[in-house]
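**Student:** got a predicted model here, sequence first, then my questions.
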Amino acid sequence: MSVDQSRATVFFDRDGTLNPDTSYIKTSGEFVLFPDAVTAVKRCNDAGILVLVVTNQSGLARGYFSQADLDGIHRCLREQLRDGGAWIDDIFICPHHPDDGCQCRKPNPGMIEQAMARYPIDLAKSYVVGDKSIDVELAAKTHVKGLLVTTGPTSAEELRMIRAHHLPVAYVAECLQDAVDWILADVECVG
């Protein structure tokens, strides 16, 4: 008899959630994490939660930055986390333009499907954390709990859209630490 090795997972959005959303970050020199991001991610790591990033990066399709630039930004992300003893298990990106009609661009489920093909994920114990309604919609489409962090530049409008469209939001957090507090308590309850 095989033992189920599926894990609780947090799918973090990047811009506006882990780092300030300054429109299009084009170089690693522009990238800086929110002050609570390292501690929040480390708490997930310490709890044995798989930590993944799912991020729309249409700047690639628009020609605002290259794949090498994006790789450098993500190296910087990993280094800043590593300096604080935290890590991201993997990063999934949608490189497409919004008009391309791809299945990976949030709120479509493609990036989570890619993650599930690569990792043993228990969706019943998983979460999408982001600063936009598309993150909460992605959570609904994949049957995981969606959390909105109000750290993005349009958070108030995003929350209005979530409510207007009756999207199921599990929790509205003031910051990433607040979101992780809620997730860790919920993981404990779901057990």
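**Tutor:** The structure has been received and is ready for your questions.
**Student:** pull the longest strand from this protein.
**Tutor:** If you go by DSSP state E, the chain has its longest strand at strand 121-130.
**Student:** past that one, which element shows up next along the chain?
**Tutor:** Once strand 121-130 ends, the next helix or strand along the chain (criterion: DSSP states H and E) is helix 133-142.
**Student:** ok so, going back, and the contacts of the longest strand of the chain?
**Tutor:** 4, 6-13, 16-17, 50, 54, 106, 112, 115-116, 135-136, 138-139, 142-149, 170, 173, 176, 179, 183, 186-187, 190 (CB atoms under 8 Å, 6 or more residues apart in numbering). Every C-beta, even on glycine, is put in place using the N, C-alpha and C of the backbone.
**Student:** which neighbouring elements make contact with whichever strand or helix holds residue 188?
**Tutor:** Using DSSP H and E, residue 188 maps to helix 176-190. When contacts are defined as 3 or more CB pairs under 8 Å, 6 or more residues apart in numbering; DSSP states H and E, helix 176-190 packs onto strand 7-12, helix 37-46, strand 121-130, strand 145-149, strand 171-173.
**Student:** what's in contact with the next helix or strand after the fourth one?
**Tutor:** Okay, so that is strand 145-149. Going down the chain from strand 145-149, the next helix or strand is helix 155-164, by DSSP H and E. Contact with helix 155-164 is made by 16, 131, 132, 133, 136, 148, 149, 150, 152, 169, 172, as judged by CB under 8 Å, 6+ apart.
**Student:** burial count for the third one?
**Tutor:** In this case it means residue 132. Applying other CB atoms under 10 Å, we find 25 residues neighbouring residue 132.
**Student:** hang on, it packs against residue 151?
**Tutor:** No. Using CB atoms under 8 Å, residue 132 is not in contact with residue 151, being 10.9 Å away.
**Student:** common neighbours of those two, please.
**Tutor:** Between them, residue 132 and residue 151 share the contacting residues residue 16, judged by CB under 8 Å, 6+ apart.
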